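Undergrad: Just a sequence and a predicted model for now, questions to come.
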Amino acid sequence: MEWKIIPTGIKELDTMLGGGILDDSVVLVVYDTNSFGWVLAAEVFRSLVERNGFGIITNYSLPYSLLSKYAGVLGIDLDEAGLEGKLAIVDVFGAMYGIKLDRPHLYYLPHVDASTFLPKIVEVYYRILQTTGNRKPIGLTVGLDGFAHIFDEETVIRLLRRNMMLKEKAKATENRERPITIMLLNRDRVSRAFISWVSHYSEHILEFEPTSRPGVERIIARKSLLPDFGPSEAEFFYSRGKMRIRLPER
């Protein structure tokens, strides 16, 4: 079977992953509290959206105003992108705390509880997908640790497993672009068991580790299901809203 491979738009990252990202896959980005690993995730998200993608951000962790500030650091204006029809945001955090803003690109669940969460959020996703045309859905989950805080880790794992089954059934009945989903996970806020389960469900895993130099981290490609992949590491630099990856010299 031949798998479709989609470049991330970052040459060095594609090299580390064995050529790019598998279509219809999950990219897990794991980092710690002081890391800028989320910057890489956002840049890949932006790159994929700019190439005939439609961004769907699922926000579990931040008030919308703070989420907008994080995006603004990278020169991304969420309001502008939303009004231009480039992305939508499922604001679970806002719904959880009863904060619902009147913006056309913001979507809310009527009530957040574990027993009805999955059908409600799936219904919201399908409403969004009706507006995307032939563009590829590009998901960004901010973040899985926030999801685990809203409910609990075991509940989130069950919801992720059930969602995987729904996606598998949809492949057989729906003729549409399949999504790529980038998931952010702060490892300081969850258990090792939670990370293990989420890693099991991810086709690609990138992990960030600190160094003694400010603004410099190790980026480790832990997993990719592409045949040309081999585990590797590189240096990740971030400063003044810009990032770069330096591969080791050969």
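TA: Structure's in. What do you need?

Undergrad: give me the low-pLDDT residue ranges for the chain?
TA: Scanning the chain for pLDDT under 70 picks out the ranges 1-2.

Undergrad: Quick check: which element contains the spatially most central residue of it?
TA: Most central in the chain under CA atoms, centre = their mean is I182, positioned 2.4 Å from the mean C-alpha point. For I182, the element it lies in under DSSP states H and E is strand 180-186.

Undergrad: next structured bit after that strand?
TA: helix 192-200.

Undergrad: what residues does the helix or strand just after that following helix touch?
TA: Next helix or strand after helix 192-200 toward the C-terminus (DSSP H and E): strand 204-210. Strand 204-210 has contacts (CB atoms under 8 Å, 6 or more residues apart in numbering) with 13, 16-17, 21-22, 25-32, 34-37, 40, 199, 217-225, 236. C-betas here are computed from N, CA, C, even on glycine.

Undergrad: Strand 204-210: which residues count as buried?
TA: H204, I205, L206, E207, F208 (16 or more other CB atoms under 10 Å).

Undergrad: Distance check, the third one against K167.
TA: For L206, the distance to K167 equals 22 Å [CB to CB, to the nearest Å].

Undergrad: Could you pull up phi and psi at the residue lying closest to F151 once chain neighbours are set aside?
TA: Distances taken as CB to CB, 6 or more residues apart in numbering put A114 closest to F151, at 5.1 Å, once the chain neighbours are dropped. Main-chain dihedrals, A114, degrees, to the nearest 10: phi -60, psi -40.

Undergrad: list the contacts for A114?
TA: Listed by CB under 8 Å, 6+ apart, the contact set of A114 reads F151, T155, L159.

Undergrad: Which ones among the residues you listed lie within helices?
TA: T155, L159 (DSSP state H).

Undergrad: All good on my end, thank you.
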